[in-house]
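Undergrad: Here's a sequence, model it:
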Amino acid sequence: MTEAAAERIEHHVRTLAETPRGRRHHPEGLRRAMAYITAELETYGWTTRQAPFVMRWAIGVTEKGGVAPLWKRVRLYPRLEGVNLLAHLPGQKTDSRAVLLIAHVDTVEDSPGADDNASGVAAVLECARLLAELPDPPSVRLAFVDLEELGKIGSRALARHRSVRRNTEHVICLESVGTFTGEPDTQRVGALRWVFPQAAAEIAANDGRGDFVLAICRRSSRRVAATIRESADGVNVLIGLDPRPDGWAGRLITQIARPLRNLDRSDHAPFWDRGVPSLMLTCTASFRNHRYHLPGDTADEVDFARVARLAETVVRALRTSPEA
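TA: This next block holds a predicted model:
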């Protein structure tokens, strides 16, 4: 398999993170980002299509940056319009089951969003290039989604389609995967130490260094997470097993155990809610990155080499093709 290139990751991140990107606050930045992603995918040989959506009376959050508590950010939106970008390789049937790689393109209002989430988009783009070069690539589809920062609106719109759920083997979401540090005591864990005791123990044994990617999974996707960890080379992957079941039961448990909301903070969660096996790969966002949702989330802070190694890891895991 061809190696992932840190130089490509850097080019993607720097191009995407030139400005904030948002349909409501920086529409031109979002348009340029979507056009760039489309051009890159088509260069690699992927077939792309836009998937417009409308969500009415959607409960979401404000796109303002900073770290205000959730209760101050909740909003009810009468109508939201957006466009997701979907892609598949020619020759692979779009009505058959496949793994879905997903990353959100938009940012909060005042942040260029290099880690959140140009890093995740860059990783998926590099996965796309590596997959396209394989003589017999596994069945994989891609989704670059809109309006995540308003409350996962784009992925909620995608997950509500029965055909998408029926044809998705499992979902791998790449969210804020660019921040690494070898300094001790740079990784916050908080109440999640009680949810992920094994991962918390590994972090403590490594003096609290934020030098890993966390694969947050449920029982339905733990074999996929294990395969990703076993496939890792050049990047350390820890596993956090979410104790909740998929579907409505998991949503009800969340209302009781509020700290578990932190595990739902990206585009895998709408698929969990619909019963689709899913996991998130992340450098834990605000649990590590003190520039999260702020103007300082710039490309100069992203570890391009480790993002490249993560892309290779994902592609190796996809080639292993474990069942969810």
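
Undergrad: Which residue ranges of the stretch 51-200 of the chain form strands?
TA: Here the stretch 51-200 of the chain has its strands, by DSSP state E, counting those that start in this stretch, at 74-88, 98-104, 140-145, 168-175.

Undergrad: Tell me which of those strands lies nearest to residue 131.
TA: strand 140-145 (5.9 Å; C-beta to C-beta). Heads up, the C-betas are built off the backbone N, CA and C, glycines and all.

Undergrad: For the closest one, give me every contacting residue.
TA: Residues from elsewhere that reach strand 140-145 (C-beta atoms under 8 Å, 6 or more residues apart in numbering): 34, 37, 41, 46, 84-89, 92, 94, 98-105, 121, 124, 127-128, 131, 154-155, 158, 168, 267, 318.

Undergrad: Parallel or antiparallel, list what pairs with that strand.
TA: Take DSSP bridges as the rule and strand 140-145 pairs in its sheet with strand 74-88 (antiparallel), strand 98-104 (parallel).

Undergrad: Please identify which of those strands is closest to residue 235.
TA: Proximity of the strands paired with strand 140-145 to residue 235 was assessed by C-beta to C-beta; the nearest stretch is strand 98-104, lying at 16.6 Å.

Undergrad: now that closest one: mean pLDDT?
TA: Taken as a whole, strand 98-104 has a mean pLDDT of 98.

Undergrad: going forward can the numbers begin at 27, since that is how I track them
TA: With the count now opening at 27, the last piece we talked about shows up as strand 124-130.

Undergrad: tell me the angle that strand makes with strand 194-201.
TA: 20 degrees (axes from the mean of the first three to the mean of the last three C-alpha atoms, to 10 degrees).

Undergrad: Pull the distance from strand 124-130 to the chain's centre.
TA: In terms of C-alpha atoms, centre = their mean, to the nearest Å, the centre of strand 124-130 is found 8 Å from the chain centre.

Undergrad: List the buried residues for it?
TA: Within strand 124-130, the residues that count as buried by 16 or more other C-beta atoms under 10 Å are 124, 125, 126, 127, 128, 129, 130.

Undergrad: Would you confirm that residue 215 contacts residue 229?
TA: Yes: between residue 215 and residue 229 a contact is recorded at 6.2 Å, counting by C-beta atoms under 8 Å.
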